[in-house]
Each structure stands twice: as structure tokens, then as C-alpha cells.
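Enquirer: sequence plus predicted model, see below.
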Amino acid sequence: MRRALRGFTFVEILLTTALLALLSLAIFTAFSNGLRLWDRVRQAVVAEDVAIFLDRIGQDLRNSFVFSTIPFEGEGDQCSFPSIVHMPADRRGSRAPEGTAEGIGRVRYVFDAAEGIVWRSQADYGQAFAGQWDGAPRAVLKDVSEVRFQYFSAGEAEAHEQARSEERPPAVVKVTVRHRMSGEERQWERLIALPLGL
């Protein structure tokens, strides 16, 4: 007695192939749309991070002042200056219930090009006078390709760009942030006026 060998017919193979192709197309489309959505959200997150960074450094710079023992020092990739800082309050002082207190100190922003990170450090007056910083620096901006600081002093007719600023604060600090994503480069700039530099 002979057993009949049963296999797939040509039509069944074509139907299976067509179903697999449709399923693969649906998965690819969903994956591709997910990547595009992730990229758009990532760009929005970077833009928000840059806006927060520019607001923070603007607040610190507007709180800067002239102080004999803490000079204003600035270069293209870093900036250090006297400012009002928030530090942990003295446990025995009147501000102890609040947890923090404002005081004279020093703030420093440094751009690490290798990591693409802007670090912020601060020190109270005693630490600044001794050349120390309060703990480890904190990352305030990540995943950027360039951050540049430019310093402008008030001239007679127009502002003049300085390569480096010391002792007296400049009139204006220009902060430029560049970020490259998906082959496109975006740039943000902010001019921050320092009242005491005018």
C-alpha cells in the first residue's frame, strides 16, 4: 500500500509569502515611524535643555558683581565669576529650617568638548577665597557639539569683543550653543547683559 505524500501547494506557498511580506512591511513602517518620532522628541528635549541652561547661566551672570578677591575670568570654553550662590544653611543659623541660604560665592561653567557636557561648579566665599569648589561639578547641559563664551566691553561708540576678560565684568556675555542631530546642526545664541559691566 502506498502512502500519499502531502506537501504545500504552490498557492499555499504564495499566500504564506504574501502574508509574511505584509507583516514585515507593517513592522518596518511602525519601527521607522517610531524612530522618526523618537528623533523629534529628542530634538525637543535638547532644545528645552539648552533653554534651561541659558536661563541658568543668565541668572548667575546677572547676579555677578565686582569683588576684589574673586575676579571675573572668561575664555572661549569656560567662564568663572563672583555671584550670589545658594549653599546649605548653617544648622545653627536662622535659615536652618529652609535648608539653603544665599551668600557671596563663585560660579564656574566649563565646556568639555570631548564629552559634549557643560559642567557647573560653585563655591561659597571661604571656598572661593581658598581656590576650592563645593563638591563635584554638576552637568547642566549634555550632548552638545560646541559651547562658546564671548565677552564684550562697553566702548565709546560700540561694543568691542574681548578674547579674555578679567577683574571687571564685561558689559555683555554672548553664549553660543551648537548641537548636531540627524545630520542637521542647530545653533542657539543669547546675549546676557551684566548691569555692573556697563
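Expert: The structure has been received and is ready for your questions.
Enquirer: for residue 179, grab the count of nearby residues.
Expert: 21 (other Cβ atoms under 10 Å). From N, CA and C alone the C-beta is placed, and that goes for glycine too.
Enquirer: where does it fall, secondary structure wise?
Expert: Assigned by DSSP states H and E, residue 179 belongs to strand 172-181.
Enquirer: helices and strands around that strand, which ones?
Expert: Judged by 3 or more Cβ pairs under 8 Å, 6 or more residues apart in numbering; DSSP states H and E, strand 172-181 is in contact with helix 10-62, strand 146-153, strand 184-193.
Enquirer: so what does the most centrally placed residue in the chain have for phi and psi?
Expert: Nearest to the mean C-alpha position of the chain, by Cα atoms, centre = their mean, lies residue 141 at 2.0 Å. When read as degrees, to the nearest 10, the backbone of residue 141 gives phi -160, psi 130.
Enquirer: contact partners for it?
Expert: Neighbouring residues of residue 141 by Cβ atoms under 8 Å, 6 or more residues apart in numbering: 49-50, 53, 117-118, 147, 177.
Enquirer: one more: residue 57?
Expert: 79, 109, 175, 192.
Enquirer: returning to that earlier point: what about the strand holding residue 179, distance to the chain center?
Expert: 10 Å (Cα atoms, centre = their mean, to the nearest Å).
Enquirer: could I get the average pLDDT for it?
Expert: Strand 172-181 shows a mean pLDDT of 88.
Enquirer: buried residues in it?
Expert: By neighbour count on 16 or more other Cβ atoms under 10 Å, the buried set for strand 172-181 is 172-175, 177, 179.
Enquirer: roughly how far does the closest residue to residue 88 other than its chain neighbours sit from residue 86?
Expert: Once flanking residues are discounted, residue 88 sits nearest to residue 100: 6.2 Å by Cβ to Cβ, 6 or more residues apart in numbering. The gap separating residue 100 from residue 86 is 5 Å, by Cβ to Cβ, to the nearest Å.
Enquirer: cool, and residue 60?
Expert: 11 Å.
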